[in-house]
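structure for this input, please:
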Amino acid sequence: MDRRSPQRLARLTGLLFLVIVVCGMFATTALDGFVVAGDAAATAENVRSGRGLFTAVLLGWAVLLAADAAVSVPLYLLLRDVDGLLALLAMAFRLLFAALLGVAVTGVFHAYALLGDPAPTGVGAAGSAARAMAELASFDTAFLFGLVVFGVHLLCVGVLLYRSRYVPRALGALVTAGGVAYVVDSLLGLLVAGHGGAASTALLMPAALGELGLTAWLLIKGVTTGRPHPKETV
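Numbers count the residues shown, from 1 in each chain. Next up is the predicted model:
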């Protein structure tokens, strides 16, 4: 690579991270706004009355999936000189997460198709609403499982960043802690009934700080190169 390549890779990675953050925040928040827990009919009515916004949610997930898969390439190229095997593992886990998320998001598309306009009537309406609610619930479970894989990816990236000194070591440590937090929080969400709320928010705070901080740093500062080879530093 020439001397400018790491900076180009860093800026591209930061830009894709920004797309992921924006689309992720919009898609998850907006989708949650449609769902009324335990009330399939109300959820169905929310979707039908807000089909324009729900369509935007679907587009948001589609863009997010594309960016999630794409970012694995510049991130690998940026970090492979630190530890080729660990960078390859990070790339593999990122692509696996994107694949799992793609499967999960099909449930949201199925729910959208089930709640067509005009709405069915009678038993058909109730059945469609129940099936759509089941698809959305299935998405939540699959998404949590995918976040376990994402957490492992983030853990690998955090270790690589910490060792590379491309960014401040404190930022690498935050990303590493964020990866652990994703794994723990997602497993608790899958295995412990009622987990979430303030406990989940507190647990994921390092992840939010690490991801946002890394995105901003890559976009504004890029990476610091020309330091001793990572294997030669303590």
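
quickly find the element holding the closest residue to residue 196 other than its chain neighbours.
Nearest non-adjacent residue to residue 196, counting by CB to CB, 6 or more residues apart in numbering: residue 189, 6.6 Å away. The way it works is simple: take the backbone N, C-alpha and C, and place the C-beta from them, glycine included. Per DSSP states H and E, residue 189 falls inside helix 169-191.

next: residue 131.
helix 122-164.

ok, residue 49 - how many residues close by?
Counted with other CB atoms under 10 Å, the neighbours of residue 49 add up to 12.

please tell me how far it sits from residue 9.
Relative to residue 9, residue 49 is positioned 44 Å away (CB to CB, to the nearest Å).

circling back to that earlier point, the inter-axis angle of the helix holding residue 131 versus helix 169-191?
150 degrees (axes from the mean of the first three to the mean of the last three CA atoms, to 10 degrees).

what is the distance between helix 122-164 and the centre of its chain?
Computed by CA atoms, centre = their mean, to the nearest Å, the chain-centroid distance of helix 122-164 equals 9 Å.

just stretch 94-106 next, same as before
10 Å.

can you tell me the SS state at residue 225?
State at residue 225, reduced to three classes by DSSP: H, G, I helix; E, B strand; the rest coil: coil.

not counting its neighbours along the chain, what's nearest it?
residue 6 (5.3 Å).

and the gap between that neighbour and residue 170?
Separation of residue 6 from residue 170 (CB to CB) stands at 20 Å.

more crowded one of those two?
residue 6 (20 against 11).

surely the more buried one and residue 167 touch.
No: if you go by CB atoms under 8 Å, residue 6 and residue 167 don't touch, sitting 11.5 Å apart.

what touches both of the two?
Between them, residue 6 and residue 167 share these contacting residues under CB atoms under 8 Å, 6 or more residues apart in numbering: residue 223.

touching the helix holding residue 189 from outside, list them.
Outside helix 169-191, the residues that touch it by CB under 8 Å, 6+ apart are 141, 144-145, 147-148, 150-164, 195-196, 200, 203-211, 213-214, 217.

mind redoing it with 7 Å?
Applying CB atoms under 7 Å, 6 or more residues apart in numbering, the external contacts of helix 169-191 come out as 141, 144-145, 147-148, 150-152, 154-155, 157-159, 161-162, 195-196, 200, 203-204, 206-207, 209-211, 213-214, 217.

residues contacting the helix or strand following that helix, please?
Later in the chain than helix 169-191, the nearest helix or strand by DSSP H and E is helix 197-203. Helix 197-203 has contacts (CB under 7 Å, 6+ apart) with 181, 184, 185.

centre of the chain to helix 197-203, how far?
Worked out by CA atoms, centre = their mean, helix 197-203 lies 17 Å from the chain centre.

following that helix, which helix or strand comes up?
Using DSSP H and E, the next helix or strand after helix 197-203 towards the C-terminus is helix 205-220.

does residue 128 touch residue 114 like I think?
Yes: the pair residue 128 / residue 114 is scored as a contact, 4.8 Å apart, by CB atoms under 7 Å.

state the distance from the closest residue to residue 168 other than its chain neighbours to residue 98.
Leaving out its chain neighbours, the residue that sits closest to residue 168 by CB to CB, 6+ apart is residue 217, at 7.7 Å. With distances taken as CB to CB, residue 217 is found 23 Å from residue 98.

when those two are compared, which one has more neighbours?
Shown here are residue 217 and residue 98; by other CB under 10 Å, residue 98 has more neighbours (22 against 18).

which strands or helices does the helix or strand hosting that one pack on?
Here residue 98 is covered by helix 84-114, with elements defined by DSSP H and E. On a contact count with 3 or more CB pairs under 7 Å, 6 or more residues apart in numbering; DSSP states H and E, helix 84-114 meets helix 51-79, helix 122-164.
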